[in-house]
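[1] pasted the sequence and its predicted model underneath.
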Amino acid sequence: MTQQRITITDSTLRDGMHTVSHQFTPNDMAEIASALDQAGVDIIEIGHGDGLAGASYQYGFSQAADEDYVRAVCNVVKQAKVAVLLLPGIGTKRDLQIAADLGARAARIATHVTEADISEQHIKVSKDLGLFTVGFLMMAHMEEPNKLVEQAKKMESYGADVVYVTDSAGALLPDGVRARVSALREAVSIPVGFHAHNNLGVAVGNTLAALSEGAGYVDGSLRGMGAGAGNAQTEVMVAALHKAGFQTGTDLAKLIHAAEDVVAPKMTRPQIIDSVALILGYAGVYSSFFLHAKRAAERFGVDPLAILVELGKQRIVGGQEDQIIDVAYELSKKERVGALL
Ligand SMILES: CC[C@H](O)CC(=O)C(=O)O
Ligand SMILES: [Mn+2]
C-alpha cells in the first residue's frame, strides 16, 4: 500500500467565502482556522473569495478588511502556513507585502489558464518576501494538456514552488484530470497540485484521479464550502485519501469535529449541487459566478440557467463578472420581444 505524504490546503476560509457572500468575520475565521490548525492541516487559505483586494462593487464587499482577516488568523494558528490568494489585476504587490508582514507564509498566485505571463511579477515578489508560492492555473478544463504545460512551465520559470491544475468550473471528469496532471508531472520539476469543484459531483473522485497521476498537493473545504457546488469536502477527501493509503498528516476525527461543530453552524445555506451549480459544471462556467448569476436572474426576471448557458457559449472567464449583467439584460430584452410577437 502506498504511503505517500500529500500536502492538504484547506480553502474553507477563502473559496468558502463565496458561499457566505464574503461575510465571515475575523472571529469566525480565527475559530475555524484554529480548528483546522489543531487537526494538522498544512496550509490554510483565507480572505475574500476573490483574493486580496477582492472586496469591491465588482466582486462584493467582505465583512472586514484583508488585514483584519490575516491578523486574526495568524494570531491563533500555530503550525499551519496561512495562505492568501492573489489574482494579478485585482491584488497588488503591496497587498502581498502587507499580508506577509502580518504573518501570512504562503501565497497562491492565480491566473486564467492561458495567462500565466501576468503572474511573473507577483510570483517573484512573493518569493522575495519568503512566501511559499503556488501558481494557480484557473479554468483548466478550457485548455488541452499541452497548452497547460506551456503555462505551467512559465510559472515554474518565475519561481513557483508548486503549480496547480484548478478546475474552477467543476467541469472536469477523472480522465481529464488525469491527462492534465500527468502532462504537468512530465513537464515540470516542481510538485503539481489539484483544486476541485463539485459541480458534477466528482470532486473527491477527481482528487483521487489527480493523486493517481502523482499530484502532491490537493485542496478541500470543510463541509465542501466553496463557489458553485463547493470544493472537495476536506473531511470526506481526507477519509478517502487515508483509505487509499495516502498520508495527510491530519487527524480525521478533529476534521470531522471542525466541520460539524465549528463550520456547519456558521453556514448560511447548505452546500448542495442545485440546478445552477450543476449547469456551471455542465456548461464549464466559473464557479464564482454562482451567486452573481442568481442575483442577475432575479433582477432581470430571467432564468439563471439561460444566463449560464450563454456565458458558457461566450467563454466568459473570471474578471468578466460585469458581462453577467449584460447577458441577463440581453436575455430579458429577448424575452420581452418574444412576448410581443
Ligand atoms: C475568484 C477566484 C477563484 O475563486 C479561485 C478559485 O478557487 C478557482 O478558480 O477555483
Ligand atoms: Mn475554487
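    Everything's here; your move. Ligands and ions are numbered 1, 2, ... in the order given.

[2] now do Arg185, the pLDDT please.
    pLDDT, Arg185: 98.

[3] not counting sequence-adjacent ones, nearest residue to it?
    Leaving aside its sequence neighbours, Arg185 sits nearest to Gly214 (CB to CB, 6 or more residues apart in numbering; 4.7 Å). Where C-beta positions appear, they are placed from N, C-alpha and C, glycine not excepted.

[4] can I assume the one you found sits in a strand?
    No. Read with DSSP: H, G, I helix; E, B strand; the rest coil, Gly214 is coil and lies in no strand.

[5] list the buried residues of stretch 309-319.
    By neighbour count with 16 or more other CB atoms under 10 Å, stretch 309-319 contains the buried residues Val309, Glu310, Leu311, Gly312, Ile316, Val317, Gly318, Gly319.

[6] ok, and does that stretch reach over to ligand 1?
    Yes. On the criterion CB under 6 Å from any ligand atom, stretch 309-319 is in touch with ligand 1 at Gly318.

[7] contact partners for the residue nearest to Arg185?
    Val181, Ser182, Arg185, Val192 (CB atoms under 8 Å, 6 or more residues apart in numbering).

[8] at 7 Å what do you get?
    Val181, Arg185, Val192 (CB atoms under 7 Å, 6 or more residues apart in numbering).

[9] what about the residues you listed, which one has the most neighbours?
    Highest neighbour count within these: Val181, with 26 neighbours (other CB atoms under 10 Å).

[10] for the residue nearest to that residue when sequence neighbours are not counted, grab phi and psi.
    Leaving aside its chain neighbours, Val181 sits nearest to Glu213 (4.1 Å; criterion: CB to CB, 6+ apart). For Glu213, the backbone dihedrals (degrees, to the nearest 10) come out as phi -100, psi 10.

[11] same check on Gln97?
    Torsion angles at Gln97 (phi, psi; degrees, to the nearest 10) stand at phi -60, psi -40.

[12] Thr111 too?
    Taking degrees, to the nearest 10, you get phi -130, psi 160 for the backbone angles of Thr111.

[13] Gly135 now?
    Backbone torsions of Gly135, given as degrees, to the nearest 10, read phi -90, psi 130.
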